[in-house]
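In: Here's a sequence, model it:
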Amino acid sequence: MFWLLDQLLGDPDRIQTEERERAVARRPRPDADGDPPELECRVCAYRGPERYCPDCLADTMRPPAQRR
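Out: Model prediction:
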């Protein structure tokens, strides 16, 4: 209810600025259209984009561990 009253009675410049900020936040990011994430099987260490490991035939894929 407060949001509606603020939109009707608030400062037009501030409301327009907030609308622009929301539109930018809704815009898809370029990195979202990239390749699927690389996953690693926790059983046999197979790497690939699949959710199910083709070697183990199970849902054992996870993001690879960071190795240093």
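In: In this protein, mark out all the helices, start to finish.
Out: For the chain, the helices defined by DSSP state H cover 2-9, 12-26.
In: Now the shortest one: average pLDDT?
Out: On average, the pLDDT along helix 2-9 is 83.
In: mind listing what's buried in it?
Out: Buried residues in helix 2-9, counted by 16 or more other CB atoms under 10 Å: none are found. The C-beta positions use only the backbone N, C-alpha and C, and glycine is treated the same way.
In: that older thread, tell me which of the helices of the chain lies nearest to Leu39.
Out: Evaluated over the helices of the chain, closeness to Leu39 peaks at helix 12-26, with 28.4 Å, by CB to CB.
In: who does the nearest residue to Arg47 once chain neighbours are set aside bridge with?
Out: Closest residue to Arg47 in three dimensions, ignoring its sequence neighbours and counting by CB to CB, 6 or more residues apart in numbering: Glu40, at 5.1 Å. For Glu40, the beta-bridge partners are Arg47, Arg62 (DSSP bridges).
In: ok so, going back, let's have the helices of the chain in TSV, adding distance to Arg47.
Out: Output for the helices of the chain, formatted as TSV (distance: least, CB to CB, whole Å):
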stretch	distance to Arg47
helix 2-9	47
helix 12-26	34
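In: tell me the contacts of the residue nearest to Arg47?
Out: Contact analysis of Glu40 by CB atoms under 8 Å, 6 or more residues apart in numbering lists Tyr46, Arg47, Met61, Arg62, Pro63, Pro64, Ala65.
In: Look up how far Cys53 lies from the residue of the chain positioned farthest from its centre.
Out: Within the chain, the residue lying farthest from the chain centre (CA atoms, centre = their mean) is Leu9, at 34.9 Å. According to CB to CB, to the nearest Å, Leu9 and Cys53 sit 58 Å apart.
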